[in-house]
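*Asks:* here's a sequence, model it:
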Amino acid sequence: MARSSILRSLVLSRAMLNRVRPFSNHLTSHSFPSPPQSHSSLFASVAAATIASSQLSLFHHSRSLSSASAPSDVVLVNSEKEFNDILRKVQDNSLHAIFYFTAVWCGPCRFISPIIGELSKKYPHVTTYKIDIDQEEIQGTLGKLQITSVPTLHFFQNGKKADELIGADVARLNHITEKLFK
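*Replies:* Modelled structure (predicted):
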């Protein structure tokens, strides 16, 4: 059982090495032995597979985080004062707005971020504000608003909170924006 698991990881790591070759030439010189014969060669093979796997996952991880940045139509909010000023402006001027609470490490947030960007283009009369919950300067606001999960979206229609969405439910997101802002 353990031997077949090790062989599977070696095959997988060899496949990873073939995929990573253009990005890390120093890995191409390593070759994996046929089935490991001794504990030391087994350890060396597993160590090489672990290194290759971690380098591949770092490459893919850095690429996936790049999609978490805000599209150009989305306004980034960087402090509690800035958030309070924007919220006051939305309420005082009876504006339409979406407040999008997110985090870089959040998979569902990265999934829904491009959709929010598309909606901000589809509804140019609605300003979308993106708030990263991991910013130290915004922690007090998160407590007041009871933001405990991400993604969380607050929808304001005519300056009043009209709806809230917690999670990456695209169908519900589209339904809410159609209903409120069409």
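*Asks:* need the helices for this structure, in chain order.
*Replies:* Under the criterion DSSP state H, helices of the chain are mapped to 2-20, 39-65, 80-92, 107-122, 139-145, 170-181.
*Asks:* ok, of those, where does mean pLDDT dip lowest?
*Replies:* Of all the helices of the chain, helix 39-65 carries the lowest average pLDDT, namely a mean of 41.
*Asks:* tell me the pLDDT at the spatially closest residue to Asn93 that is not a sequence neighbour?
*Replies:* Excluding the flanking residues, the one nearest Asn93 by CB to CB, 6 or more residues apart in numbering is Gly159, at 6.6 Å. C-beta coordinates here come from the backbone N, C-alpha and C atoms, glycine included. For Gly159, the pLDDT comes out at 96.
*Asks:* so what does Gly159 have for phi and psi?
*Replies:* phi 80, psi 0 (degrees, to the nearest 10).
*Asks:* tell me who's in contact with the nearest residue to Ile116 once chain neighbours are set aside.
*Replies:* Residue nearest to Ile116 in three dimensions, not counting chain neighbours: Tyr100, with 5.7 Å by CB to CB, 6+ apart. The contact partners of Tyr100, taken as CB atoms under 8 Å, 6 or more residues apart in numbering, are 74, 116, 128-131, 151-153.
*Asks:* run a quick neighbour tally on the nearest residue to Leu87 once chain neighbours are set aside.
*Replies:* Distances taken as CB to CB, 6+ apart place Phe99 nearest to Leu87, at 7.8 Å, with adjacent residues excluded. Neighbours of Phe99 under the rule other CB atoms under 10 Å: 23.
*Asks:* I'd say Phe99 and Tyr129 touch.
*Replies:* Yes: between Phe99 and Tyr129 there is a contact at 5.1 Å, judged by CB atoms under 8 Å.
*Asks:* need the per-residue pLDDT for the residue nearest to Ile116.
*Replies:* 97.
*Asks:* ok, it to Val90 distance?
*Replies:* Note on Tyr100: its distance to Val90, by CB to CB, to the nearest Å, is 14 Å.
*Asks:* I appreciate the help and will end here.
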